[in-house]
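In: Quick one: sequence and predicted model below, then my questions.
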Amino acid sequence: MVKLVYFAWVRERMGMAEEMVELPASVVTIADLALWLAGRDEGAALAFANPEVVRAAIDKHHVSPQTPVKGAREIAFFPPMTGG
Amino acid sequence: MVKLVYFAWVRERMGMAEEMVELPASVVTIADLALWLAGRDEGAALAFANPEVVRAAIDKHHVSPQTPVKGAREIAFFPPMTGG
Amino acid sequence: MAGPVTRHIGVQAAPFDLAVEVEKLTKGRTDIGAVVSFTGLCRDEAGQLSALELEHYPGMAEDEMARVVDEAEQRWPLQAVGVIHRFGLIRPGEVIVLVVTASAHRVAAFEAASFLMDYLKTRAPFWKKEHLADGSSGSWVEAKAHDDLAAERWSAAQAFSKG
Amino acid sequence: MAGPVTRHIGVQAAPFDLAVEVEKLTKGRTDIGAVVSFTGLCRDEAGQLSALELEHYPGMAEDEMARVVDEAEQRWPLQAVGVIHRFGLIRPGEVIVLVVTASAHRVAAFEAASFLMDYLKTRAPFWKKEHLADGSSGSWVEAKAHDDLAAERWSAAQAFSKG
């Protein structure tokens, strides 16, 4: 089981702030996970409509789409940051 | 008559903060004035020992050594600035 | 450098006070020559905006800010660094973010503060949503390409200096 | 820009308070997005210095600071600018100079503050004399070549942008 957390418009489109999921064996990278989530429902499809826009973090560190998800406890998806 | 004012180590070497002088006709530029002052006494000679180091202002505006002194009411000589 | 760098990192809902934060970092020290502060404030966008809502990723926000400060400390001879970022509802005229850098010399303080802001903008997990003056909830603020470029110039500078 | 630029220029013996000066320039405004401050402090040079004595050219100091601020306002879209320079005897840990810039955007505020400091260092008529901890009067601080270079890079930037 891995904890998924969502922020800003990714959270709004997913319709939730977080969830616990069991990842299928086919999900190896962050990009695989985004694609898998996008196939679940309409909201998720909208959240990941432009997957290259969505950023990800594993255990609170920024990662690229090619990063393997194996061993992750918490995976976050969010839009490009707009703080500061 | 023109007012001459001196600052920092130029003031210390000149032995005064200001004076009123009548400029001879031979003094046309700031460089001429520095040379003329340097010839007056030992302190002044020391103040203008390296004339290219001494900066000048006419009526509170920075000027170059080539600037004519004609019409000036107040001419200042001082070292390179070290404020800030 | 005289000992370790004083640092303060804060992620908070409450406003902060510039003078208090600068004082925290510099009080009683006689080796600091330059202090640069950057304060980011909420603008009303010519009256259209009633507030910004700042969402953040708790835990990661603090961690990422600490990593950005680590990097600044490695690049410049800093004596003190403070970074505070607020979250929650912020009204026009209120402060959002503060960066304070202290160094013996001014160029290090200026560059480090500018670097910290560029990196916070593109790496710290905060997102702004607009609340409009007409009562409606506006859209999420979009990231700006020029912010990415501003952050990238520091990588280029590093690559260059490493030759 | 919303109206004229708020400006405050001061040449004074008394210390100043960062928070008060920033407040003067920004209070009640909701169009400012970024405030950068630079504070220059007297360092004790590892205990060797007991004070700096700041001499200035009254009248020209204020005029020259105003001219430098004019130039900054022409180069960047500023909303407020404050520049204060102290004279007289200043002890380690005390403030010497303050620059505050406010703009809608952070790059303008950072660049203008950095420009103002570079130009003040090379153009404002102030001179520092050291008083040493052993009671002796030290020498006049010498101007640094790198300060001239720092100021010159802005001329190069202007020539380039006009090019």
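Out: Thanks, I have the structure now.

In: what about stretch A:60-72, distance to the chain center?
Out: 10 Å (C-alpha atoms, centre = their mean, to the nearest Å).

In: Briefly note if it comes near chain C.
Out: Yes: residues of stretch A:60-72 contacting chain C under C-beta under 8 Å from any C-beta of the partner chain: A:60-62. Backbone N, C-alpha and C define where each C-beta goes, glycine included.

In: do stretch A:38-49 as well
Out: No: for a cut-off given as C-beta under 8 Å from any C-beta, stretch A:38-49 has no contacts with chain C; the smallest distance is 12.5 Å.

In: In the biggest helix by length in chain A, which residues are buried?
Out: In chain A, taking DSSP state H as the definition, the longest helix is helix A:30-38. Going by neighbour count (16 or more other C-beta atoms under 10 Å in any protein chain shown), the buried part of helix A:30-38 is A:30-34, A:36-38.

In: next one: stretch A:39-51
Out: In stretch A:39-51, counting by 16+ other C-beta under 10 Å, buried: A:44, A:47-48, A:51.

In: Export these to CSV and append columns for secondary structure and distance to chain B.
Out: Shown next, in CSV, are these (DSSP: H, G, I helix; E, B strand; the rest coil; distance: C-beta to the nearest C-beta, whole Å):
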residue, secondary structure, distance to chain B
A:Ala44, helix, 57
A:Ala47, helix, 52
A:Phe48, coil, 53
A:Pro51, coil, 51
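
In: Let me have those residues in CSV, extended by distance to D:Pro4 and pLDDT.
Out: Below are the buried residues of stretch A:39-51 laid out as CSV (distance: C-beta to C-beta, whole Å; pLDDT from 0 to 100):
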residue, distance to D:Pro4, pLDDT
A:Ala44, 52, 97
A:Ala47, 47, 97
A:Phe48, 49, 97
A:Pro51, 49, 87
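
In: And the furthest pair within the residues you listed?
Out: Maximum pairwise distance in the buried residues of stretch A:39-51, criterion C-beta to C-beta, is 11.2 Å, between A:Ala44 and A:Pro51.

In: Can you name the residues of chain C sitting close to chain A?
Out: Residues of chain C lying near chain A (C-beta under 8 Å from any C-beta): C:40, C:54-57, C:59-60, C:63-64, C:85, C:96-97, C:117, C:120-129, C:140-143, C:147.

In: Quick one: low-confidence residue ranges for chain C.
Out: Low-confidence segments of chain C, defined by pLDDT under 70: C:1-3, C:158-163.

In: which residues of it fall in helices?
Out: According to DSSP H, the helices that chain C contains are C:18-26, C:60-75, C:106-123, C:145-162.

In: Can you report how many residues lie near the residue of chain C found nearest chain B?
Out: Here chain C gets closest to chain B at one residue, C:Arg106, 7.9 Å apart by C-beta to the nearest C-beta. If you count neighbours by other C-beta atoms under 10 Å in any protein chain shown, C:Arg106 ends up with 25.

In: in the sheet, who's paired with the closest residue to it other than its chain neighbours?
Out: What sits nearest to C:Arg106 in space, not counting adjacent residues and going by C-beta to C-beta, 6 or more residues apart in numbering or on different chains, is C:Ala34, at 4.1 Å. Beta-bridge partners for C:Ala34, by DSSP bridges, are C:Ser103, D:Gly40.

In: Let me know whether C:Ala34 touches D:Ser37 as I believe.
Out: No: with contact defined as C-beta atoms under 8 Å, C:Ala34 does not reach D:Ser37; the gap is 10.9 Å.

In: Tell me which residue in chain A sits closest to chain B.
Out: For chain A, C-beta to the nearest C-beta, closest residue to chain B: A:Gly84, 28.3 Å.

In: Stretch C:15-32 and chain D, are they touching?
Out: Yes: using C-beta under 8 Å from any C-beta, we find that stretch C:15-32 touches chain D at C:17-19, C:22, C:26, C:28-32.

In: Buried deepest among the helices of chain C, which one?
Out: helix C:106-123 (a mean of 24; mean count of other C-beta atoms under 10 Å in any protein chain shown).

In: what angle sits between that helix and helix C:60-75?
Out: 150 degrees (axes from the mean of the first three to the mean of the last three C-alpha atoms, to 10 degrees).

In: Can you pull the phi/psi pair for residue 17?
Out: This is for chain A. Main-chain torsions, A:Ala17, degrees, to the nearest 10: phi -90, psi -30.

In: ah, no, chain C please
Out: phi -120, psi 120.

In: hmm, back to that, look at the residue of chain A closest to chain B and say how many residues are nearby.
Out: By other C-beta under 10 Å, neighbour count at A:Gly84 equals 23.

In: Can you give me the separation between it and A:Glu42?
Out: 33 Å (C-beta to C-beta, to the nearest Å).

In: And C:Ile84, by the same measure?
Out: 39 Å.

In: swap in C:Glu142?
Out: 23 Å.

In: Quick one: residues contacting residue 48.
Out: Picked chain A for this. A:34-35, A:37-38, A:54, A:77 (C-beta atoms under 8 Å, 6 or more residues apart in numbering or on different chains).

In: The chain in question should be chain C.
Out: C:Gln48 neighbours (C-beta under 8 Å, 6+ apart): C:132-133.

In: ok, now with 10 Å
Out: Applying C-beta atoms under 10 Å, 6 or more residues apart in numbering or on different chains to C:Gln48 gives the contacts C:92, C:130, C:132-134, C:138.

In: Nearest to C:Trp154 among those residues?
Out: Using C-beta to C-beta, the contacts of C:Gln48 come closest to C:Trp154 at C:Glu130, 28.6 Å.

In: Find the nearest non-adjacent residue to the residue in chain A that chain D sits nearest to, please.
Out: The nearest approach of chain A to chain D comes at A:Gly84, 7.9 Å away (C-beta to the nearest C-beta). Leaving aside its sequence neighbours, A:Gly84 sits nearest to C:Lys121 (C-beta to C-beta, 6+ apart; 3.7 Å).

In: Residues of chain C that sit close to chain B?
Out: For chain C, the contact set with chain B under C-beta under 10 Å from any C-beta of the partner chain comprises C:34, C:106.

In: doesn't A:Lys60 make contact with A:Phe78?
Out: No: the pair A:Phe78 / A:Lys60 is not scored as a contact, 11.9 Å apart, by C-beta atoms under 10 Å.

In: Now do the shared contacts for those two.
Out: A:5, C:57, C:60, C:125.

In: Name the member of those residues that has the highest neighbour count.
Out: Going by other C-beta under 10 Å, C:Pro125 tops those with 26 neighbours.

In: Contacts only, for it.
Out: Contacts of C:Pro125 by C-beta under 10 Å, 6+ apart are A:7-8, A:55, A:57, A:60, A:62, A:76, A:78, A:81, A:83, C:55-65, C:85.

In: Just give the nearest non-adjacent residue to it, would you?
Out: Closest to C:Pro125 by C-beta to C-beta, 6+ apart is C:Tyr57, at 3.7 Å.

In: my guess is that neighbour meets A:His61, correct?
Out: No: with contacts counted by C-beta under 10 Å, C:Tyr57 stays clear of A:His61, the gap being 11.3 Å.

In: Can you check which residues contact both of the two?
Out: A:76, C:63-64.
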